[in-house]
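J.: Sequence and computational prediction follow.
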Amino acid sequence: MANTKSAKKAILVNRRNNARNAHYKTQIKSAIKETLTAISSNSDNKATLLQDTLQLIDKVAGKKVIKKTTAARKKSLLHNKYLDAFGKTSTSTFTKKSSAPAAAKATTEKKTATKKTTTTKKAAPKKETAAKKAPVAKKTTPPKKQATKETTTPKVSEKVADAPEEVTEPTNPTES
């Protein structure tokens, strides 16, 4: 039994989705059976039945009721059966095994064997490894130097104060 309220809700949602998915799956199964019987009995409406069934399979796969690969497999089966009914060869290699003579198979095996022996790969040049490179030293910052009066440049106001005063001769207004 579910312990939390959300877990109880999840159980209800799962039941609802399970019922809906079961309905879709039974629709697919019955549509496939109808199509296969129409194909085997050479019915007139086998083309439309095939088209409707393929659309239904795509629709259900789009809703993620069945997986895409399962849908592809079912569609492939129907399509191959339809082509076989017309006497056309199907493109799938999984439906029928070819009855080629053993001599033909042997020649293909020899061709693949010769290809494997004649093609050799050249070894790619090796890249430098990190071990061959020089070790990188950690960057350290030098300790800060304390500023001294001799090394610092004097300020503008200090220059004016240190400069010798110019001596000006007093002017007598009476002399001129």
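T.: That came through, no problem. Note that the coordinates shown come from a computational prediction; the quantities given were computed from them, not determined experimentally.
J.: ranges for the helices of this structure?
T.: Secondary structure of the chain (DSSP state H): helices at 5-40, 46-62, 68-85, 102-118, 156-162.
J.: now the ones you listed as JSON lines including distance to Pro142 and mean neighbour count?
T.: The way it works is simple: take the backbone N, C-alpha and C, and place the C-beta from them, glycine included. Listed next are these as JSON lines, based on distance: least, Cβ to Cβ, whole Å; neighbours: other Cβ atoms under 10 Å:
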{"stretch": "helix 5-40", "distance to Pro142": "62", "mean neighbour count": "13"}
{"stretch": "helix 46-62", "distance to Pro142": "68", "mean neighbour count": "17"}
{"stretch": "helix 68-85", "distance to Pro142": "65", "mean neighbour count": "16"}
{"stretch": "helix 102-118", "distance to Pro142": "64", "mean neighbour count": "9"}
{"stretch": "helix 156-162", "distance to Pro142": "29", "mean neighbour count": "9"}
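J.: With mean pLDDT and distance to Thr140 added, can I get those in JSON lines?
T.: Listed next are the helices of the chain as JSON lines, based on pLDDT from 0 to 100; distance: least, Cβ to Cβ, whole Å:
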{"stretch": "helix 5-40", "mean pLDDT": "94", "distance to Thr140": "57"}
{"stretch": "helix 46-62", "mean pLDDT": "93", "distance to Thr140": "63"}
{"stretch": "helix 68-85", "mean pLDDT": "92", "distance to Thr140": "59"}
{"stretch": "helix 102-118", "mean pLDDT": "55", "distance to Thr140": "58"}
{"stretch": "helix 156-162", "mean pLDDT": "55", "distance to Thr140": "36"}
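J.: Dump those helices to a markdown table, plus distance to Lys139.
T.: Putting the helices of the chain into a markdown table (distance: least, Cβ to Cβ, whole Å) gives the following:
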| stretch | distance to Lys139 |
| --- | --- |
| helix 5-40 | 55 |
| helix 46-62 | 59 |
| helix 68-85 | 55 |
| helix 102-118 | 54 |
| helix 156-162 | 37 |
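J.: May I have the phi/psi pair for Asn42?
T.: phi 60, psi 50 (degrees, to the nearest 10).
J.: Grab the nearest non-local neighbour of it.
T.: Of all residues not flanking Asn42 in the chain, Ala85 sits nearest, at 6.9 Å (Cβ to Cβ, 6 or more residues apart in numbering).
J.: does the one you found really touch Ser43, like I thought?
T.: No - if you go by Cβ atoms under 8 Å, Ala85 and Ser43 don't touch, sitting 10.0 Å apart.
J.: follow-up on the earlier one: mind checking the helices of the chain for the one nearest to Lys144?
T.: The closest of the helices of the chain to Lys144 is helix 156-162. By Cβ to Cβ, the value is 23.7 Å.
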